[in-house]
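Novice: return a 3D structure for these sequence lines:
(chains A and B)
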Amino acid sequence: MPPQYPQVRLATGDRARFRPSRAPATIRGVGFATTRWSVVRAAGGGSTPDARAALEILCAGCWYPLYAFARRSGRDADCAQDSVQEFFAALVEKNTIAVADPGRGRFRDFLLATFRNHLRNEAEAASARKRGGGRAVLPLDGRDAEGRFLSEPGHDATPERLFDRDWAIALLDRVLGGLRESYAAAGKERIFDALKESIAGGDKALHASRAEALGMTEGALKVAAHRLRQRYRQALRDEIAATLADGESVDDEIRALFATLGPV
Amino acid sequence: MVGAPGERACPQCGAALGLDAPEGLCPGCLLKAGLVPDAGTPPGGWTPPSVESLNPLSEDLEVVRRIGQGGMGAVYEARQKKLDRRVALKVLRPELGEEPGFPERLAREARALAKLAHQNVVGIHDFGKNGTFHYVVMEYVDGQSLRQLLQAGRIDPGRAAQIAIQICSGLRYAHDQGVIHRDIKPENVLVDTTGRVRIADFGLAKLTAGTRGDTLTGTHDVMGTIHYMAPEQLERPGAVDHRSDLYALGVVLYEMLTGQLPMGRFPPPSQRTGTLTHLDDIVLKLLERDSALRYDSAASVLLDLERRVPRRPSAPGEDPRPAVAARASDVRRPCLWVLAAGIIGFVAMFLPWMSVSESKLDEWRYGKGRDVFGDKSSPRHPFFKRDGRPEREGRLKFKAWDTNLLDIPNGLLGIVSAALALLAAITLGSAWRASWLAYVLPTGYGLLHSGCFLVSVSAVGGSPEVGCLMTVFVFVACSVAAWLMRPPGARHGHPTAALRRTRPKRRRRDRKPESAPSRTQRKQ
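Specialist: The predicted model follows:
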């Protein structure tokens, strides 16, 4: 009997944006300290609830970059979706994930390399592809993802570079989404919305007017902004650290991701 | 990218924001915020300790004033009391010191730096800890950073090349000692008042795990340094080797020549500035994304740079300027001398033609017991055919040379005239600084001289074999002397290279050395 995959509910495209970060907050709430590699290895450990949960996180995090990469390799929307579904299924079935170890380098490098191999194998066995076929399908919002893919500007960069770029964007999405959820859980989502621009070093002059709107003093608002920035920074560094191999520096990875965003 | 519906620009960095911008914020700025230690204060917002609070730093050090502030800390001017000399004191940010294992790393780096002693490398004197922060004592460089020079205005290609040569020299030394800089950028290149270039902060890049990249003035972008980082440095930070330093050198050189950074698909420097192309090859090879295609050592870069930029020996106090761009005034000054030498040479050519006294001539001719005129109808003596009798009257207008080499006065006369002619020709060639003239003029002149000699010998009826020998001798002497004494601009490349009108093709793998200065000279 094929393993039953949980239904990963990913947000549909409100505001025409793909928001994979709406993965179950409960798992995220377990703590950022859970490294992605351990999650991956847990996912490869069999059909335990932990493995399935880990797989959810896996899919939520990197679905779009893989989808975009598959599209750039020449597949159409449906094929690309299928490829990604199959890839995740194959990852667990063939226990490829169990083979992944931190000594092999960053998670995103591993992922891209494995996915590329998968695409290659798929292309070779193209005739044997079946849709669905008894396996539970991850109801990923293909329509919205395709919309986002088509709206991307034309690049002359390589698909690998674009994969890294998509990865960076997806990473930021996850971190901000997680922050938003934790603020919402504390009933402070309005504050998050008001202050989110200051995370990227926004204009502090607006604080005075905003403080009034939120019913806080300006001083309190500044403190809240500072706290938000610190939490964001910690969350970002944790999230990045989770994808790195031993001995790699978070700062180096941040700089590398920054470089993938392209010339400013 | 800008212009699509729904696209905005980030208010901080100006980058275009696509539909995929996380929470509508700029991804670049979001990533940057992950680097800065305290995201609340702007980069460089750490207040360095005041001069008073630092004094006395130790028994021997007296802090004088603050010079500036960088990403790693603040730099002060200090004085070593015992030795009574100026030193530079770098006080490192406290956050750096808090990282685990920092004191050991600092000690290790300082010891590695202490082994470096080179005129283009800022040396380290001491390091230590004072209360909360660590400090490093280095050589004091009285001058400004390359960043400040760039902000003041564009650096001309000759000066840029000279600066690059000195950076290369320092890098070659350091790489030979096994030290990689990892953070070459204009802020770390110091130019002192005598024009000497020193590379600062060698190896210290490994110490900084946190913020990096501020200039001394604190206004440069936090992420600015990544532009100088080689691609492999960004993708695989552990795989950095000395070639990453060479990439950074390429970026710095490009920035010096064009005033801009090489980003994306960038045009070669000559296209940006419309000037000489002779540095293009070097810059592009340094900026190769694949480190295997770059220069394999600083020594080879140095070789190429020195080949392209002829170095005029400059005294230490002189601003080193290359001989690449010859100015018009350099050409005009020796004109009078050239004219004089030319006239003398021209006249000298005719010296052998001026007759020795006729009686002497007769003596030579008849004293040899040879009737040089021979048969009247002989075609060897076309000039002397005068109803069969030797010309005795009047001045002989033709060469009165004797073919007997042992005849010293005549021989000397010939040699002196040839030498004068040669000198005139070389002076002319040097003054014009054109490589092809330097070859053609003396050689052609020698040919002319020899030709005249040969003709005269036949006319007079001397031995043609000896005549030929003399001709060849003079010709070869002229050519060899011309080659040896050719002007500096013509020292490399084929002489006919100057005659090529099109731009040399830029082939990345196998390039031939170009006699580039001749192109400048032709423009003069």
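Novice: check whether B:Glu62 really touches B:Lys81, as I assumed.
Specialist: Yes. B:Glu62 is within contact range of B:Lys81, at 5.9 Å (criterion: Cβ atoms under 8 Å). Quick note: C-beta positions are derived from backbone N, CA and C, even for glycine.
Novice: more crowded one of those two?
Specialist: Remark: of B:Glu62 and B:Lys81, B:Glu62 carries more neighbours, 17 against 13, as counted by other Cβ atoms under 10 Å in any protein chain shown.
Novice: remind me which helix or strand that one belongs to.
Specialist: In this structure, B:Glu62 sits in strand B:61-69 according to DSSP states H and E.
Novice: partner strands of the helix or strand that that strand is followed by, with direction?
Specialist: Once strand B:61-69 ends, the next helix or strand along the chain (criterion: DSSP H and E) is strand B:73-80. Taking DSSP bridges as the criterion, strand B:73-80 sits next to strand B:61-69 (antiparallel), strand B:85-92 (antiparallel) in its sheet.
Novice: just put the ones you listed in a markdown table and tack on mean pLDDT.
Specialist: Shown next, in a markdown table, are the strands paired with strand B:73-80 (pLDDT from 0 to 100):
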| stretch | mean pLDDT |
| --- | --- |
| strand B:61-69 | 86 |
| strand B:85-92 | 91 |
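Novice: got the CA positions of the strand holding B:Glu62 in CSV?
Specialist: Presented in CSV, the C-alpha positions along strand B:61-69 are these (Å, rounded to 0.1, in the frame of the first residue of the first chain):
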residue,chain,number,x,y,z
LEU,B,61,51.6,53.5,23.1
GLU,B,62,50.1,57.0,23.1
VAL,B,63,47.0,57.6,21.0
VAL,B,64,47.1,60.9,19.1
ARG,B,65,43.9,61.2,17.0
ARG,B,66,41.3,59.2,15.3
ILE,B,67,41.9,58.7,11.6
GLY,B,68,38.7,57.0,10.5
GLN,B,69,36.3,54.2,11.0
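Novice: what lies in contact with that strand?
Specialist: B:44, B:48, B:50-51, B:54-57, B:74-81, B:86-89, B:137, B:214, B:216-218 (Cβ atoms under 8 Å, 6 or more residues apart in numbering or on different chains).
Novice: what about the spatially closest residue to B:Tyr76 that is not a sequence neighbour, neighbour count?
Specialist: Leaving out its chain neighbours, the residue that sits closest to B:Tyr76 by Cβ to Cβ, 6 or more residues apart in numbering or on different chains is B:Leu89, at 4.4 Å. Counted with other Cβ under 10 Å, residues neighbouring B:Leu89 total 26.
Novice: could you do the one 4 residues further on as well?
Specialist: A total of 21 residues lie near B:Arg93 under the criterion other Cβ under 10 Å.
Novice: and A:Ala256, by the same measure?
Specialist: Other residues within reach of A:Ala256, judged by other Cβ under 10 Å, total 23.
Novice: same question for the one 3 residues further on.
Specialist: Here the neighbour count serves as a burial measure; for A:Ala259 (other Cβ under 10 Å) it reads 22.
Novice: what count of nearby residues applies to residue 182?
Specialist: Just so you know, I chose chain A. 17.
Novice: meant chain B actually
Specialist: 24.
Novice: I'd guessed it sits against B:Ile199; true?
Specialist: No. Judged on Cβ under 8 Å, B:Arg182 makes no contact with B:Ile199 at a distance of 11.8 Å.
Novice: how about the strands in the stretch 51-200 of chain A?
Specialist: Shown for the stretch 51-200 of chain A, no strands are assigned by DSSP state E, counting those that start in this stretch.
Novice: what bits of it have low per-residue confidence?
Specialist: Residues of the stretch 51-200 of chain A meeting the criterion pLDDT under 70: A:51-60, A:92-105, A:127-144, A:147-148, A:150-157.
Novice: rerun that using 90 as the cut-off
Specialist: Filtered on pLDDT under 90, the stretch 51-200 of chain A yields the residue ranges A:51-65, A:67-68, A:70-167, A:170-171, A:173-174, A:177-178, A:186-200.
Novice: how near is the closest residue to B:Thr132 other than its chain neighbours to A:Val223?
Specialist: Once flanking residues are discounted, B:Thr132 sits nearest to B:Pro94: 5.3 Å by Cβ to Cβ, 6+ apart. As for B:Pro94, its distance to A:Val223 is 23 Å (criterion: Cβ to Cβ, to the nearest Å).
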